[in-house]
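In: Quick one, structure for this:
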Amino acid sequence: MNDTFLKACRGEAVDYTPVWIMRQAGRYMPEYRAVRGDVDFLTLCKTPELAAKVSLQPVDILGVDAAILFSDILIPVEAMGMGLHFSESKGPVFSEPIRSRAQFEKLIVPVPEDELSFVGETIKILRRELKVPLIGFSGAPFTLATYMIEGGGSKNFLYTKKMMYQNGALYKHLMEKITDTVTAYLRAQIRAGAQCVQIFDTWAGVLGPEDFKAYALPYVKTVIAALQGEGVPIIYFVNGCAGLLKEIKTSGAQVIGVDWKIDMAEAVRKVGKDYSVQGNLDPCALFMGQKGLAKKIQSVLKKGAKAKGHIFNLGHGVLPETPVENVKFLVDKVHELSRR
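Out: Numbers count the residues shown, from 1 in each chain. Down below sits the predicted model:
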């Protein structure tokens, strides 16, 4: 087992900087499109053999240092009792958003080993096949709540913030139920074999520091505190983290994910020497020529090297239009430039 990724998470000495890529199994890869062409997205997520197959593709083709479970952050939300479908134009859509106490009362905290057993089966297949660590994941409570309240994506998160400000009791109860779901879901992934978990807070960056501390961070802290005894590294990634790093580093996570909208040197300075960092190349840099891309990679590596530990990654997911040869170049160049 190549455990370089896990060593970097823990801040231990490594021979080179490990790299994996958010959304590394995806539409930019012809091999993924070949599998996806035969099934819809949710079926792919819920079929262990297929989900494992696409999870393995970037490991075999790109040579990344970690695999991440192929799934979607909204899978456990569907299991809570919300009807989910994916629209080609709108993305994920919940037909009945949570706006009232009566709707909230219908939600359950699913038992992952029962309602989400396909996730555990996928993890078990992957652990038999992989020679690099496996990352499990979940959406953070706030990010999941935004989808549940808005009914999908949003530009201003009006309904979420209205509930926060006007119906605090309902918001609190909803967040507690989501927090219980996320905790159980991640614990089940770890016990099935995930060797690290990442918590994605995709939309927490829409909150100012005071609201983040009041309405999002406490629930992430609860999840992380409950998982500390499981003995695996926890990565917390907030998209739009620049103004929140002071608060984010109190989450309890060992690794802080960093998007590309803050200089990595500044992020490392704000996070301090007690945490490893992950990131933070702009996904669109993968459309540059290789000479320019190599300079960008070198810059991130140099700045990330000053942290306790550094895992190279994009600042968000790889885009579907990205040339796969550029992604392979990225992985190879990170390994080449960072080798001690």
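
In: Going by C-alpha atoms from here, please, whenever you check contacts or count neighbours.
Out: OK.

In: Strand partners (parallel or antiparallel) of the helix or strand bottoming out on mean pLDDT in the chain?
Out: Among the secondary structure pieces of the chain, namely its helices and strands, strand 84-87 has the lowest mean (mean pLDDT, DSSP states H and E), a mean of 86. Sheet pairing for strand 84-87, assigned by DSSP bridges, gives strand 91-94 (antiparallel).

In: for the record, mean pLDDT for the strand it pairs with?
Out: Averaged over strand 91-94, pLDDT sits at 90.

In: what about it, distance to the chain center?
Out: Distance of strand 91-94 from its chain centroid, counting by Cα atoms, centre = their mean, to the nearest Å, is 18 Å.

In: And the contacts of the helix or strand that that strand is followed by?
Out: Once strand 91-94 ends, the next helix or strand along the chain (criterion: DSSP states H and E) is helix 101-105. Outside of helix 101-105, the residues that reach it under the criterion Cα atoms under 8 Å, 6 or more residues apart in numbering are 98, 170, 174.

In: can you do 10 Å?
Out: Under the contact criterion Cα atoms under 10 Å, 6 or more residues apart in numbering, helix 101-105 has outside partners 81-82, 96-98, 167, 169-171, 173-174, 177.

In: Please look at Cys210 and Pro218 and confirm they touch.
Out: If you look again at residue 210, you'll see it is Glu, not Cys. No: under the criterion of Cα atoms under 10 Å, Glu210 lies out of contact with Pro218, with a separation of 11.9 Å.

In: Same drill for these two, tell me which one is more crowded.
Out: The residue with the greater number of neighbours, taking Glu210 and Pro218 and applying other Cα atoms under 10 Å, is Pro218; the counts read 16 against 11.

In: quick one: contacts for that one?
Out: Residues in contact with Pro218 (Cα under 10 Å, 6+ apart) are 141, 175, 179, 212, 250-251.

In: Buried subset of the residues you listed, written for PyMOL?
Out: For selection in PyMOL, the members of the contacts of Pro218 meeting the burial criterion (16 or more other Cα atoms under 10 Å) are listed in this command:
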select buried, resi 141+175+179+212+251
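
In: and the contacts of Pro218, which of them are in helices?
Out: Taking DSSP state H as the definition of helices, the contacts of Pro218 contribute 141, 175, 179, 212.

In: mind putting the residues you listed in CSV, pLDDT and distance to Glu12 included?
Out: Rendered in CSV, the data for the ones in helices among the contacts of Pro218 read as follows (pLDDT from 0 to 100; distance: Cα to Cα, whole Å):
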residue, pLDDT, distance to Glu12
Pro141, 98, 30
Met175, 98, 35
Thr179, 98, 31
Phe212, 98, 31
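
In: Max pairwise distance over these: which two?
Out: Farthest pair in the ones in helices among the contacts of Pro218 (Cα to Cα) is Thr179 and Phe212. Separation: 15.5 Å.

In: Which parts of the stretch 101-250 of the chain are strands?
Out: 134-139, 196-201, 234-238 (DSSP state E, counting those that start in this stretch).

In: Which one of the ones you listed lies nearest to Arg10?
Out: Closest among these, once you apply Cα to Cα, is strand 234-238, at 9.8 Å.

In: For the closest one, C-alpha coordinates in CSV please.
Out: Written as CSV, here are the backbone C-alpha positions of strand 234-238 (Å, rounded to 0.1, in the frame of the first residue of the first chain):
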residue,chain,number,x,y,z
ILE,A,234,-10.6,14.0,8.5
ILE,A,235,-10.4,16.7,5.8
TYR,A,236,-12.7,19.7,6.0
PHE,A,237,-13.1,21.6,2.7
VAL,A,238,-15.0,24.9,2.5
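
In: List the strands paired with that strand, with their directions.
Out: Take DSSP bridges as the rule and strand 234-238 pairs in its sheet with strand 196-201 (parallel), strand 255-257 (parallel).

In: Now do that strand: distance to the chain's middle.
Out: Taking mean C-alpha positions (Cα atoms, centre = their mean), strand 234-238 and its chain are 7 Å apart.

In: With stretch 153-161 instead?
Out: Per Cα atoms, centre = their mean, the displacement of stretch 153-161 from the mean C-alpha position of its chain is 21 Å.

In: Please apply the same query to stretch 7-22.
Out: Averaged over its C-alpha atoms, stretch 7-22 has a centre that lies 17 Å from its chain's centre (Cα atoms, centre = their mean).
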